[in-house]
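Trainee: Let me see the structure of the following:
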Amino acid sequence: MQVQSNLVQQAAVAAPLSGAAMRLGILPMPSLAWTPEVERETAHLYEKVKRVIPPVEWPFHAPYVKAINDLKRERNAVILAHNYQTPEIYNCVADVVGDSLQLARLAGASDADIIIQGGVHFMAETSKLLNPNKTILIPDSKAGCSLAESITGADVRALRKQYPGVPVVAYVNTSAEVKAEVDICCTSSNAVKVVESLGVDRVIFLPDRYLAQNVAAQTKVKIIAWTGACEVHERFTAQEISEYRANDPDLKIIAHPECPREVVEVSDFAGSTAAMIDYVKSQAPKRVLLVTECSMADNVATEAPHVEFVRPCNLCPHMKRITLPKILDSLVYLRDEVTIDPALAARARLSVQRMIDLG
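Mentor: So this is what the prediction gives:
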């Protein structure tokens with residue numbers, strides 16, 4: 001069987017070269033045939049994902065997996081994969097996995113020259129902010145985010161005029177342009193801590209209105225919220241979750257705090273992607289419903305083989321723009337390099353660093 005993406009190669013040849021490609025050069029596209037050698041060298045990886053990838057699909061993934069892992073070594077590259085990436089990426093080619101901030105911080109500890117971001121564009125920007133001297137590539141520059149795109153730097157400046165003197169907290173799911181305009185960033189796991197660290201009676205919190213509601217329920221600080229939302233998490237409803245519970249009273253329901261407040265209230269636990277994974281591993285429920293992006297259940301399932309996952313399959317179309325063929329294309333052609341104006345990056349880096357300095 002020959003598994004190859006001629007369309008990917010043709011598109012790459014037609015696209016302009018990045019600075020990285022000009023410096024480091026283009027490599028030959030490796031063979032993508034399903035051979036006994038490929039089967040043998042990827043067998044240990046298929047063992048990790050056989051619960052979630054049918055045997056009939058593996059011959060299509062495996063040649064890309066082998067080619068990517070070989071080229072990573074040649075390029076001195078690492079691949080970061082967010083929890084919402086598909087299992088063949090998350091489990092078989094990624095070097096660092098986690099949420100967006102975990103990825104950027106852990107990448108900085110690597111001696112790799114090139115970082116390939118398996119995630120959306122704001123994540124690649126955050127990686128660049130924290131690793132300014134590394135080459136950051138994103139396999140598809142159109143991998144955006146409804147939440148990050150719901151607010152601009154101009155919007156933040158307008159909020160400051162409307163609420164003079166009120167500090168601005170930005171979720172890390174924002175662009176570098178927005179990070180440059182705010183006082184401090186936060187994640188879904190440390191949002192309450194960040195808000196309360198400012199020592200004020202009210203803050204502007206952006207861009208996720210649902211995360212803002214869930215933070216407001218845990219603090220006495222008044223939260224002035226923006227109106228953005230994640231198009232995956234906002235689709236969940238309390239009625240839907242209650243129906244799952246009615247049909248299976250023993251089901252453990254774990255929600256991400258980007259979900260609407262009423263969804264969180266009818267769940268057993270709410271937390272960041274890292275906290276959700278920790279809950280499944282530590283509590284080992286018999287059956288669990290992860291109220292978040294669908295691929296995360298597949299990835300956690302590889303680490304919790306005795307847990308049965310009920311999957312309400314809401315997929316992120318932006319995350320799914322990242323594929324094995326596009327990752328291979330990034331390694332061969334070094335296209336879609338992420339760059340940020342140095343002056344803007346310096347300001348944006350401050351808001352992220354302030355959060356990191358909180359511990």
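Trainee: contacts, neighbours, all on C-alpha from now
Mentor: Fine.
Trainee: Kindly indicate whether A20 is helix, strand or coil.
Mentor: helix (DSSP: H, G, I helix; E, B strand; the rest coil).
Trainee: so who does it touch?
Mentor: By CA atoms under 8 Å, 6 or more residues apart in numbering, the residues touching A20 are T135, L334, R335, E337.
Trainee: What of G98?
Mentor: Counting by CA under 8 Å, 6+ apart, G98 has contacts A81, H82, N83, T273, A274.
Trainee: Check the gap between the second one and E243 for me.
Mentor: According to CA to CA, to the nearest Å, H82 stands 29 Å off from E243.
Trainee: So which of those two has more stuff around it?
Mentor: Using other CA atoms under 10 Å as the criterion, H82 and E243 rank with H82 on top: 26 against 11.
Trainee: Next up, the contacts around the more buried one.
Mentor: Per CA under 8 Å, 6+ apart, neighbours of H82: Y90, V97, G98, D99, S100, L103, G118, G119.
Trainee: And the helices in the stretch 1-150 of the chain?
Mentor: 6-14, 19-24, 36-49, 58-75, 87-90, 100-107, 121-130 (DSSP state H, counting those that start in this stretch).
Trainee: relative to helix 36-49, how tilted is the fourth one?
Mentor: By that I understand helix 58-75. Counting by axes from the mean of the first three to the mean of the last three CA atoms, to 10 degrees, helix 58-75 lies at 100 degrees to helix 36-49.
Trainee: before we move on, the earlier item: identify those among the contacts of G98 that sit within strands.
Mentor: A81, H82 (DSSP state E).
Trainee: Name the nearest of the contacts of G98 relative to R287.
Mentor: T273 (17.7 Å; CA to CA).
Trainee: Need the nearest residue in space to the closest one, chain neighbours excluded.
Mentor: D99 (6.5 Å; CA to CA, 6 or more residues apart in numbering).
Trainee: Compute the number of surrounding residues for the one you found.
Mentor: Residues near D99, counting by other CA under 10 Å, number 20.
Trainee: And P260, by the same measure?
Mentor: 23.
Trainee: Please tell me the pLDDT value assigned to it.
Mentor: With respect to pLDDT, P260 scores 96.
Trainee: The one 10 residues further on too?
Mentor: At A270, the predicted lDDT confidence score is 95.
Trainee: contacting residues around it?
Mentor: I254, A255, H256, P257, V264, M276.
Trainee: returning to what we had before: so what's the residue nearest to T273 up against?
Mentor: H82, N83, T273, A274.
Trainee: likewise S189?
Mentor: G271, S272, A275.
Trainee: Mind putting those residues into CSV with distance to A176?
Mentor: Shown next, in CSV, are the contacts of S189 (distance: CA to CA, whole Å):
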residue, distance to A176
G271, 25
S272, 22
A275, 25
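Trainee: still on that earlier bit, ok, which of the helices of the stretch 1-150 of the chain comes nearest A217?
Mentor: When the helices of the stretch 1-150 of the chain are compared by CA to CA, helix 100-107 sits nearest A217, at 23.8 Å.
Trainee: residues making contact with that closest one?
Mentor: Under CA under 8 Å, 6+ apart, the answer for helix 100-107 is 78, 80-82, 96-97, 115, 123, 126-128, 130-131, 172, 187.
Trainee: which among the residues you listed gets closest to E41?
Mentor: Out of these, the member with the shortest distance to E41 (by CA to CA) is V78, at 19.4 Å.
Trainee: one step back: lowest-confidence member of the contacts of A20, which is it?
Mentor: The lowest pLDDT within the contacts of A20 belongs to R335, with 87.
Trainee: thought that residue was touching L137?
Mentor: Yes - using CA atoms under 8 Å, R335 makes contact with L137 at a distance of 6.8 Å.
Trainee: Now do S100 against A124, distance only.
Mentor: 9 Å.
Trainee: ok so, going back, could you export the contacts of D99 to a markdown table, including columns for distance to V200 and pLDDT?
Mentor: Output for those, formatted as a markdown table (distance: CA to CA, whole Å; pLDDT from 0 to 100):
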| residue | distance to V200 | pLDDT |
| --- | --- | --- |
| H82 | 33 | 94 |
| N83 | 34 | 93 |
| T273 | 28 | 90 |
| A274 | 28 | 89 |
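Trainee: Before I go, just wanted to say thanks for your time.
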